[in-house]
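Chemist: Here you go, sequence then predicted model.
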Amino acid sequence: MRKAVQKLIFIIAEHHENKAKSVVFELAACAYKIKRICPAEIKVIILGSETEKLSFEITHATGLDAVAIEINELALYNAEIYKTVINNLAAELSPSFIIIGHTPRGLDFASGLAVAMKAACITGVEGLSEAGGKICFKRQMFYGKINAHITADSEPVIITVQPGTFEPYKPDNASPGRVETRRVECTPKFTRAKGSRRCKFQDSSISEAKVIVSAGNGIGAKENLDLIYRLADIFPGSAVGGSRILIDRGWLEYRQQIGLTGAQVAPELYIACGISGASQHLAGMRGSGFIVSINKDPGAAIFNESDVCVVEDIKKFIPAFLEEYGKREI
Ligand SMILES: Cc1cc2nc3c(=O)[nH]c(=O)nc-3n(C[C@H](O)[C@H](O)[C@H](O)COP(=O)(O)OP(=O)(O)OC[C@H]3O[C@@H](n4cnc5c(N)ncnc54)[C@H](O)[C@@H]3O)c2cc1C
C-alpha cells in the first residue's frame, strides 16, 4: 500500500508490435529526476491487448513496477481508449505527474487527456530543475531561440518529453519490478482503428550511415543540394538527410527526414547545413557522436548541441571546404 503522503508518477509506455519504444526508458530517467526533487513512487502504465511480454521487458529492464491494462479493443492504438482508461486510472490512484513521450502518438492523446482530467499540460519538455520547492520544466520556444521555464500551479501535471532529452534508464542488474495486470473493456465512441500499413520506402541506409550530411531550409534552392551531396561524397559510408521543410517541399524523400516525425539517427558524425535546431529536428539527431553545424546565424539553436560551430553562409563555406579538401596530398 502506498503511504498517504507519497506522491505517484505515471509513465505511459509507448510500444509497437509488442516491443517497448526506446523513449519509455528516457521517460523513466525523467521520472527519476522528478523523484530526486519530489519523492514519489513510479509506476509504468502499459495499455494494450497483449501486455505480458511488454510488461516483462519493461519491468526487467528498469526495475520499475507496472500496471498492465489488457484491453481487447486496443489491438491497434486508439487515442480515445488511451484517454478514457488513463483518466479512470488517474481518478483512482491520483498521480501527481503523468509522463508521456513527445512523439506523434504521445501528442495524439496527451492534450485531450489533460482536458479530460482538468490537468496542467506542459509539452515538449527538454529538462527540469527545482524552483522554490516546485519542479520547473524547460521547453524550447520560437524554434529554439528562447528557452521557457514553466511550473504548474496545480497537480496532476501532464508532461510530454522530447525524445533524446534524457539518457535511457536501464540499470544493470535491476531486480524486476512487480506487474499488476488488470482487464478493462473500453469501446471507443467516436473513432475506430481499421488497420495499419508499413510505409513503402523503408530504407535503412540513413539509420546505418556512419556520417550524415543534412540540409535545412538555409540551402535556399533545390539546385544547391548538389553541394550537400558533394560534401557527403567525401565520407565513406555517408548518407544525405534533411529537415522536414525540405521533405515537405519534395526536395528530399521522406526516408531522408531526420527528426521527431522522421528517422532517429546516431551516426559518428552529423553535419547540419543551414538547419536552425528546432526541437523536432534535434529529437532525431541528438544521439550523434560528433556534431558539426554550419549556419550563418551565430544565435542558431543548433549550435547549443554542436561540437563544432561554423558561422558562415553554407553556399560559401562548402565550396571553399571542398576546394581545400581537393588540394590535400593523398
Ligand atoms: C509535430 C511536428 C513534427 C515535426 N517533425 C519534424 C521532423 O521530424 N524533422 C524536422 O526537421 N522538423 C520537424 N518539424 C518542423 C520543425 O519544427 C522545423 O520547422 C524545422 O525543423 C525547421 O527546419 P530548418 O531548420 O531546416 O529551417 P529553418 O527553421 O527555416 O532554419 C533555417 C536555418 O538556416 C540558416 N540559414 C539560412 N540561410 C543560410 C545560409 N545561406 N547559410 C547558412 N545558414 C543559413 C538560418 O539561420 C536558420 O537557422 C516538425 C514540426 C512539428 C510541429
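Modeler: That came in fine, so what should we check first?

Chemist: what sits up against stretch 164-174?
Modeler: For stretch 164-174, the external contacting residues (C-beta atoms under 8 Å, 6 or more residues apart in numbering) are 22, 25-33, 60-63, 125-127, 264, 282-284, 286-287. In short, each C-beta sits where N, CA and C put it, glycine included.

Chemist: Could you look up the SS state of the residue in the stretch 1-150 of the chain that the ligand sits nearest to?
Modeler: Using C-beta to the nearest ligand atom, the single residue of the stretch 1-150 of the chain nearest to the ligand is Tyr143, 5.1 Å away. Secondary structure, DSSP: H, G, I helix; E, B strand; the rest coil: Tyr143 is coil.

Chemist: neighbours around it, how many?
Modeler: Using other C-beta atoms under 10 Å, Tyr143 has 15 other residues around it.

Chemist: my guess is it meets His281, correct?
Modeler: No - the criterion here is C-beta atoms under 8 Å, and Tyr143 misses it with His281 at 9.2 Å.

Chemist: Can I take it that Ile45 is in a strand?
Modeler: Yes - under three-state DSSP, Ile45 sits within a strand.

Chemist: what sits against it?
Modeler: 10-13, 66-67, 69, 86, 89.

Chemist: Take the residues you listed and keep only those in helices.
Modeler: Counting by DSSP state H, these place 86, 89 in helices.

Chemist: does Thr191 count as helix, strand or coil?
Modeler: At Thr191, secondary structure determined by three-state DSSP is coil.

Chemist: and the closest residue to it other than its chain neighbours, what helix or strand is that in?
Modeler: If the residues on either side of it in the chain are set aside, Thr191 comes closest to Glu80, at 5.5 Å by C-beta to C-beta, 6 or more residues apart in numbering. Taking DSSP states H and E as the criterion, Glu80 maps to helix 79-93.

Chemist: Burial check on the nearest residue to Ser129 once chain neighbours are set aside, number of neighbours?
Modeler: Take Ser129 and drop its neighbours on the chain: the residue closest to it by C-beta to C-beta, 6+ apart is Cys136, 5.2 Å away. Neighbours of Cys136 under the rule other C-beta under 10 Å: 17.

Chemist: Gln264 too?
Modeler: By other C-beta under 10 Å, 19 other residues sit near Gln264.

Chemist: That one and Gln280 touch, don't they?
Modeler: No - assessed by C-beta under 8 Å, Gln264 is found out of contact with Gln280, at 11.5 Å.

Chemist: what residues are up against the closest residue to Lys134 other than its chain neighbours?
Modeler: Excluding the flanking residues, the one nearest Lys134 by C-beta to C-beta, 6+ apart is Thr151, at 4.6 Å. Thr151 makes contacts with 131, 134-137, as judged by C-beta under 8 Å, 6+ apart.

Chemist: Which parts of the stretch 201-330 of the chain are helices?
Modeler: Counting by DSSP state H, counting those that start in this stretch, the stretch 201-330 of the chain has helices at residues 205-208, 225-233, 244-248, 279-285, 314-327.

Chemist: what number of residues lie near the residue nearest to Thr191?
Modeler: 18.

Chemist: Let me know whether it touches Ala193 as I believe.
Modeler: No - Glu80 is beyond contact range of Ala193, at 9.8 Å (criterion: C-beta under 8 Å).

Chemist: Lowest mean pLDDT among the helices and strands, pick that one out for this protein.
Modeler: Lowest by mean pLDDT, DSSP states H and E among the helices and strands of the chain is helix 205-208, with a mean of 80.

Chemist: Kindly export that one (C-alpha atoms) in CSV.
Modeler: Extracted C-alpha coordinates of helix 205-208, given in CSV (Å, rounded to 0.1, in the frame of the first residue of the first chain):
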residue,chain,number,x,y,z
SER,A,205,20.8,3.5,-45.3
ILE,A,206,20.2,6.6,-43.2
SER,A,207,20.0,4.8,-39.9
GLU,A,208,23.1,2.8,-40.7
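
Chemist: oh, and call the first residue 12 from now on, that's how I've got it
Modeler: Sure, I'll start numbering at 12, so the last one becomes helix 216-219.
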